[in-house]
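1. Here is a sequence with its predicted model. Questions after.
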Amino acid sequence: MLQKIIRLSIIFILMVMVLPEASGQKLEKYYTHRTQEEGDLYFLYPNTDFKNSDDHSQFAFDITYRPDTDSTFFNFTYFTLQPAQADSLLLTAGEKHAAAPTAKLYMDFKKKRWVHRYSADVDYGELSAVFQSATAPSITVFTGGKPLTFVVKQSKWEKYHAALEKIFYIISENANADSR
Amino acid sequence: MKKFLALILIAGFMSSCAFTSAPLMGGLYTDIKAPLAVTSNTGSTKVGTAKAASILGIVATGDASIEAAARSAGITKIHHVDYQATSIIGIYATFTVMVYGE
């Protein structure tokens, strides 16, 4: 009897955890869209799927895009054992590339690691081409000539990529609506 | 072992668990976005977020302050602040602050 209750409880918990996901991809989990007087603003929530290919430390990024000014802020955080200031950023997926110089937002020290937070103004066309690639992209941060490469598992990328495709489509359709 | 598992499950259901602050709460599942603050500054070109999380209502960590969210995007003029609260049957809850500004 007790075993049955435990089994049913576990199934119930799993169902509640899985059902919101299974009912379809919730795009609002990935981005938010604001309409304002100065023009639309899209914000893609932080993604933490990318890891350093050497020490598996985390890489987190979020994207803010404003179609009217065509400005794309690619804000990112990485962690190192020694201070490593970023000069530039390179996003690569197959033959598609997007590169930009970086601007420091802040530096900190937490949990025995240096925390680096930077912003890069990446060309939206190049960024969307890289991120719409079905091949998992890699992100390289150049720190004084030394590259730090961050990669993502293909399975994780496929899930994120499916959401990104829809988001980029929404952005392009809304831009068309604005111009009509 | 079975008794131990049962105890954990019962404790989980009976305790207040990992719930989060929100205008509306779902006992099983919560995923709410709501406003937190608004200022007289106009327009926003940047968005910053900061997050805190709780597991089973036993451990809660993170810096979900407006300051941390604004700092994450280099925002010095805040336009408005929203938040997002999520909770999954009291096992895992998050509280995310989103600061819009320039």
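-> Now that the structure is in, tell me what you want to look at.

2. For chain B, which residues score under the pLDDT cut-off?
-> Residue ranges of chain B with pLDDT under 70: B:1, B:4-22.

3. interface residues of it facing chain A?
-> Contact residues, chain B versus chain A (Cβ under 8 Å from any Cβ of the partner chain): B:2-3, B:5-6, B:9, B:28-29, B:31, B:42-49, B:51, B:71-74, B:88-89, B:91, B:98, B:100. All C-beta spots, glycine's among them, are computed from the backbone N, C-alpha and C.

4. And the helices in chain A?
-> Secondary structure of chain A (DSSP state H): helices located at A:2-22, A:124-131, A:154-179.

5. which other residues reach the second one?
-> It refers to helix A:124-131. Outside helix A:124-131, the residues that touch it by Cβ atoms under 8 Å, 6 or more residues apart in numbering or on different chains are A:63, A:65, A:70, A:72, A:74, A:91-93, A:96-99, A:137, A:161, A:164, A:168.

6. ok so, going back, filter the residues of chain B next to chain A down to just the buried residues.
-> Neighbour counting with 16 or more other Cβ atoms under 10 Å in any protein chain shown marks B:9, B:31, B:44-49, B:51, B:71-74, B:88-89, B:91, B:98, B:100 as buried within the residues of chain B next to chain A.

7. Run through the strands of chain B in chain order.
-> Taking DSSP state E to define them, one finds strands in chain B at B:29-38, B:46-55, B:59-62, B:78-88, B:92-101.

8. for the fourth one, packing partners?
-> Read that as strand B:78-88. Strand B:78-88 is packed against strand B:29-38, helix B:66-73, strand B:92-101, with contacts defined by 3 or more Cβ pairs under 8 Å, 6 or more residues apart in numbering or on different chains; DSSP states H and E.

9. Also the last one?
-> Counting contacts by 3+ Cβ pairs under 8 Å, 6+ apart, the secondary-structure elements packed against strand B:92-101 are strand B:46-55, helix B:66-73, strand B:78-88.

10. Next: the shortest one.
-> Judged by 3+ Cβ pairs under 8 Å, 6+ apart, the packing partners of strand B:59-62 are strand B:46-55.

11. B:Val81 pairs with what?
-> Judged by DSSP bridges, the bridge partners of B:Val81 are B:Ala37, B:Val99.

12. Please tell me I have it right and it contacts B:Ala68.
-> No - here B:Val81 does not reach B:Ala68: they are 11.8 Å apart, not a contact under Cβ atoms under 8 Å.

13. Taking the centroid of chain A, which residue is nearest it?
-> Residue closest to the average C-alpha location in chain A (Cα atoms, centre = their mean): A:Asn47, at 3.8 Å.

14. Same question for chain B.
-> Nearest to the mean C-alpha position of chain B, by Cα atoms, centre = their mean, lies B:Phe95 at 0.5 Å.

15. Show me the beta-bridge partners of it.
-> For B:Phe95, the beta-bridge partners are B:Ala52, B:Ala85 (DSSP bridges).

16. Could you check how far it is from A:Leu164?
-> For B:Phe95, the distance to A:Leu164 (Cβ to Cβ, to the nearest Å) stands at 25 Å.

17. Scan chain A for its longest strand.
-> The longest strand of chain A (DSSP E) is strand A:96-110.

18. Name the surrounding residues that touch that one.
-> Outside strand A:96-110, the residues within contact range by Cβ under 8 Å, 6+ apart are A:74-75, A:83, A:85-91, A:114-123, A:126-127, A:129-130, A:133, A:141, B:71-74.

19. ok, how many other residues are close to A:Leu8?
-> Using other Cβ atoms under 10 Å in any protein chain shown, A:Leu8 is surrounded by 10 other residues.

20. That one and chain B: what is the separation?
-> 10 Å (Cβ to the nearest Cβ, to the nearest Å).

21. Check A:Gln3 too.
-> With distances taken as Cβ to the nearest Cβ, A:Gln3 is found 6 Å from chain B.

22. Is it correct that that residue is in contact with B:Lys2?
-> Yes - under the criterion of Cβ under 8 Å, A:Gln3 makes contact with B:Lys2 at 6.3 Å.

23. related to what we said a few turns ago, averaged pLDDT, the longest strand of chain A. What do you get?
-> With pLDDT averaged residue by residue, strand A:96-110 scores 96.

24. could you check the angle strand B:46-55 makes with it?
-> Between strand A:96-110 and strand B:46-55, the angle comes out at 60 degrees (axes from the mean of the first three to the mean of the last three Cα atoms, to 10 degrees).
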